[in-house]
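Undergrad: return a 3D structure for these sequence lines:
(one chain, ligands or ions: 2)
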Amino acid sequence: MKLLVTGGAGYIGSIVTALLLDAGHEVVVLDDLSTGHAEAVPSGARFVRGRVHDAIGEVLVPSEGFEGVLHFAAFIAAGESVQRPEKYWDNNAIGTLRLLEAMRAADVRRLVFSSTANVYGDPDEVPIPETAAVRPPNPYATSKLAADHALTGYATAHGLAAVSLRYFNVAGALRRPDGSMIGERHDPETHLIPIALQVAAGRREKLQLFGDDYETFDGTNIRDYIHVADLGAAHLLALSTMDGPGHRVYNLGNGTGFSNRQVVEVVREVTGHAIPVEMAPRRPGDPAQLVASSEKAKRELRWTPQHPELATMVADAWDFMQHA
Ligand SMILES: NC(=O)c1ccc[n+]([C@@H]2O[C@H](COP(=O)([O-])OP(=O)(O)OC[C@H]3O[C@@H](n4cnc5c(N)ncnc54)[C@H](O)[C@@H]3O)[C@@H](O)[C@H]2O)c1
Ligand SMILES: O=c1ccn([C@@H]2O[C@H](COP(=O)(O)OP(=O)(O)O[C@H]3O[C@H](CO)[C@@H](O)[C@H](O)[C@H]3O)[C@@H](O)[C@H]2O)c(=O)[nH]1
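TA: Ligands and ions are numbered 1, 2, ... in the order given. Model (predicted):
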């Protein structure tokens, strides 16, 4: 297929672009490099630098013959979104609407959307199924949920075939057949694993742990980590199962929760380095516990994670960090 990937210079978008190219698809990447890196766009993809809001109408034209879109472009820091909700509503909700309108104008009907586990907030049941109540705990999650709802409306009214993949916490790096790696390079970094690895690498003095008074077994937040290569594979499966109008939602995680303290321990074990930790206040907008039930994806997409161990994800991210 000929596919447009928004956000393809970012962490997950660049990795999915590589997997799409490996599978024989033709890919055009649209990215404004607000948080991404031009050199992360895999060779083989055509790169257009531009912001979805401004450039999508020029890129997604009928004469290009796109058959689908994978929409990664977004701002992703839940903590920052509490301080700057306007930034998140504009980029994540309005950006998605601009994309949907451009797709309608160009009659492009397939969309895979990066939704998030964050929409569930503090859930009633763990592991969390797709049928759980949504209680977005911060503007990042609300802006993503708004986009999810827009997809449902466009599927009903305008014949869109859409899949929202609700990623839990993504980690690790992709090893390419030639031995090179693609991984996470956010600046500033906000995610727990790469920050802990930066401490291990001596690039930071210590790690701050945000809150140890949550109602969890050791007081710190619990998250479910998914290897970025497994996540990428789910995108290809989602694309291959799109056969008509409708909006489907899938949770993608491993069903195992790790507390923030446990994550730090795994980073210590994998790297062999001390990780000095300092307790800090809770980060506003953090749900206590997010652990996925991905039974629906396993059943309907025939998705089987190949790298479910947290230690593998940490080791791959560590490898990438040392070679980047
Ligand atoms: N990283 C995670 O753990 C995680 C978990 C759940 C969901 N997600 C979702 O996955 C997607 C990708 O996340 P990531 O970790 O790769 O983030 P990232 O910041 O590495 O990548 C996002 C990319 O989108 C680009 N971008 C942002 N706004 C844009 C715009 N308006 N127009 C054009 N380009 C734009 C950025 O330059 C960047 O290259 C996001 O939608 C995010 O919400 C990520
Ligand atoms: O320096 C740090 C960084 C993070 N944390 C904690 O570590 C946990 C994980 O945080 P982080 O790695 O920032 O991820 P999340 O906030 O869980 O969000 C990620 O995972 C979500 C899906 O669950 C995605 O939607 C988001 O885009 C993505 O940033 C949270 O309890 C944080 O408070 C710390 O204690 N210290």
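Undergrad: okay, CA-based contacts and neighbour counts for the rest of this
TA: OK.
Undergrad: now do the residue nearest to D122 when sequence neighbours are not counted: how many residues are near it, please.
TA: In this structure, D122 finds its nearest non-sequential neighbour in P287, 5.5 Å apart by Cα to Cα, 6 or more residues apart in numbering. For P287, the neighbour count with other Cα atoms under 10 Å is 21.
Undergrad: repeat that for the one 3 residues further on.
TA: Each residue near L290 was counted by other Cα under 10 Å, and the total is 29.
Undergrad: how far away is it from N221?
TA: When Cα to Cα, to the nearest Å is the yardstick, L290 and N221 sit 8 Å from each other.
Undergrad: so which helix or strand takes in L20?
TA: helix 11-22 (DSSP states H and E).
Undergrad: which strands or helices does that helix pack on?
TA: Helix 11-22 is packed against strand 2-6, strand 26-31, strand 181-182, helix 228-240, with contacts defined by 3 or more Cα pairs under 8 Å, 6 or more residues apart in numbering; DSSP states H and E.
Undergrad: contact residues of the stretch 201-324 of the chain facing ligand 2?
TA: Contact residues (Cα under 6 Å from any ligand atom) of the stretch 201-324 of the chain with ligand 2: L207, Q208, L209, F210, N221, N260, R283.
Undergrad: of all these, which two lie farthest apart?
TA: Farthest apart among these by Cα to Cα are L207 and N221. That separation is 14.8 Å.
Undergrad: need the residues of this structure near ligand 1, please.
TA: Contact residues, the chain versus ligand 1 (Cα under 6 Å from any ligand atom): 6-13, 30-36, 50-53, 72-76, 91, 95, 114-116, 167-170.
Undergrad: make it 5 Å
TA: Contact residues (Cα under 5 Å from any ligand atom) of the chain with ligand 1: 7, 9-12, 31-36, 51-52, 72-74, 76, 114, 116, 167, 169-170.
Undergrad: quick one on the thing from earlier: quick one: closest of the helices and strands packed on helix 11-22 to L19.
TA: Nearest to L19 among those is helix 228-240; the distance by Cα to Cα comes to 7.0 Å.
Undergrad: L207 and N221: who's more crowded?
TA: Counted by other Cα under 10 Å, L207 and N221 do not tie: N221 has more neighbours, with 25 against 20.
Undergrad: apart from its neighbours in sequence, what residue is nearest the more buried one?
TA: With Cα to Cα, 6+ apart, the residue lying closest to N221 is A288, at 4.8 Å.
Undergrad: burial count for the one you found?
TA: What A288 shows, counting by other Cα under 10 Å, is a neighbour count of 19.
Undergrad: mind listing what it touches?
TA: Shown in contact with A288 (Cα atoms under 8 Å, 6 or more residues apart in numbering): D122, Y214, E215, T216, T220, N221, I222.
Undergrad: tell me the angle the helix holding L20 makes with helix 228-240.
TA: Between the direction of helix 11-22 and that of helix 228-240, the angle (axes from the mean of the first three to the mean of the last three Cα atoms, to 10 degrees) works out to 60 degrees.
Undergrad: which residues touch the strand or helix carrying A147?
TA: According to DSSP H and E, A147 maps onto helix 139-158. Contacts to helix 139-158, defined as Cα under 8 Å, 6+ apart, come from residues 75-78, 81-82, 85, 88-89, 92-93, 96-97, 100, 104, 115-116, 118-119, 136, 160-162, 164, 245-247.
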